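Participant: For reference, the sequence and a predicted model appear below.
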Amino acid sequence: MKRILCATLMTALVPFALSAQDSGSEKNDVQQKDVTVIHAQSTADGKSEVGERILEECIVSLPKVDDLEPEIVSQSAYLKEVNGDPSRNEFVKTYSASLDINYMLYQKTLIIVTTNSVKGQEPVMKVMEKNLKQSRKFTSNSSDGDIFAGRSNRQYYFSTPEAAEKDVKKRASAWLKQQSAVLCKK
């Protein structure tokens, strides 16, 4: 785009005296001029800018909770005062679970290409459709575990792989239910 600032100034030049020797008298002349000052600033650098606006977005499909298979990880931990019993200080096998939900996201976008030029051409607009692969990771939260250790700083753990799996599936199921509202209509 081009911006031009024009200003017309009426200026009176300082009167000056001309002394003329031919008649012996002084002559004062005042001159006035119209002055136009033009200041221009342009961003017509020929660069193009690409913008994108999402017109429509929805999830193509989601898996069923029963089809999900979480990854179970076990580790051995030395726990003090297991389940509040001061005599139970022992190594216990604990479990955690994680799962990834992969799904496809459909997007309809408007691509806008503008060019900074002196000619001032119209922007180029094009509608594009695309499918994007998305992934969401869930992990079990040991705060919901079935055993605990410690007295004042109590820590919870899962003692069975089934308990860890149940917890992570519960979290994934809640997310899947929330996303059912944004599924693509066929």
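Facilitator: Yep, that arrived. Numbering: from 1, shown residues only.

Participant: Every contact and neighbour count from this point should use C-alpha atoms.
Facilitator: Fine.

Participant: so who does Ala77 touch?
Facilitator: Counting by CA atoms under 8 Å, 6 or more residues apart in numbering, Ala77 touches Phe91, Val92, Lys93, Thr94.

Participant: residues touching the third one, list them.
Facilitator: Right, Lys93. Counting by CA under 8 Å, 6+ apart, Lys93 touches Ser74, Gln75, Ser76, Ala77, Ser159.

Participant: neighbours around the last one, how many?
Facilitator: It stands for Ser159. The local packing of Ser159 (other CA atoms under 10 Å) involves 18 other residues.

Participant: Does it touch Phe91 like I think?
Facilitator: No - counting by CA atoms under 8 Å, Ser159 sits too far from Phe91 to count as a contact (11.6 Å).

Participant: Overlap of the contact sets of the two?
Facilitator: Counting by CA under 8 Å, 6+ apart, Ser159 and Phe91 have no shared contacts at all.

Participant: returning to that earlier point: just the buried ones from the contacts of Ala77, in PyMOL syntax?
Facilitator: A single PyMOL command selects the buried members of the contacts of Ala77 (16 or more other CA atoms under 10 Å):
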select buried, resi 92+93+94
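
Participant: out of the contacts of Ala77, which are inside strands?
Facilitator: Cross-referencing the contacts of Ala77 against strands under DSSP state E gives Phe91, Val92, Lys93, Thr94.

Participant: about what we covered before: turn the contacts of Lys93 into JSON lines, columns for secondary structure, pLDDT and distance to Leu110.
Facilitator: Shown next, in JSON lines, are the contacts of Lys93 (DSSP: H, G, I helix; E, B strand; the rest coil; pLDDT from 0 to 100; distance: CA to CA, whole Å):
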{"residue": "Ser74", "secondary structure": "strand", "pLDDT": "93", "distance to Leu110": "48"}
{"residue": "Gln75", "secondary structure": "strand", "pLDDT": "93", "distance to Leu110": "50"}
{"residue": "Ser76", "secondary structure": "strand", "pLDDT": "91", "distance to Leu110": "53"}
{"residue": "Ala77", "secondary structure": "strand", "pLDDT": "86", "distance to Leu110": "54"}
{"residue": "Ser159", "secondary structure": "coil", "pLDDT": "91", "distance to Leu110": "52"}
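
Participant: Now flag whichever of those is closest to Lys130.
Facilitator: Nearest to Lys130 among the contacts of Lys93: Ser74, at 40.0 Å, using CA to CA.

Participant: Quick check: bridge partners of the nearest residue to the closest one once chain neighbours are set aside?
Facilitator: Leaving out its chain neighbours, the residue that sits closest to Ser74 by CA to CA, 6 or more residues apart in numbering is Tyr95, at 4.4 Å. Tyr95 forms beta bridges with Ser74, Phe158, as assigned by DSSP bridges.
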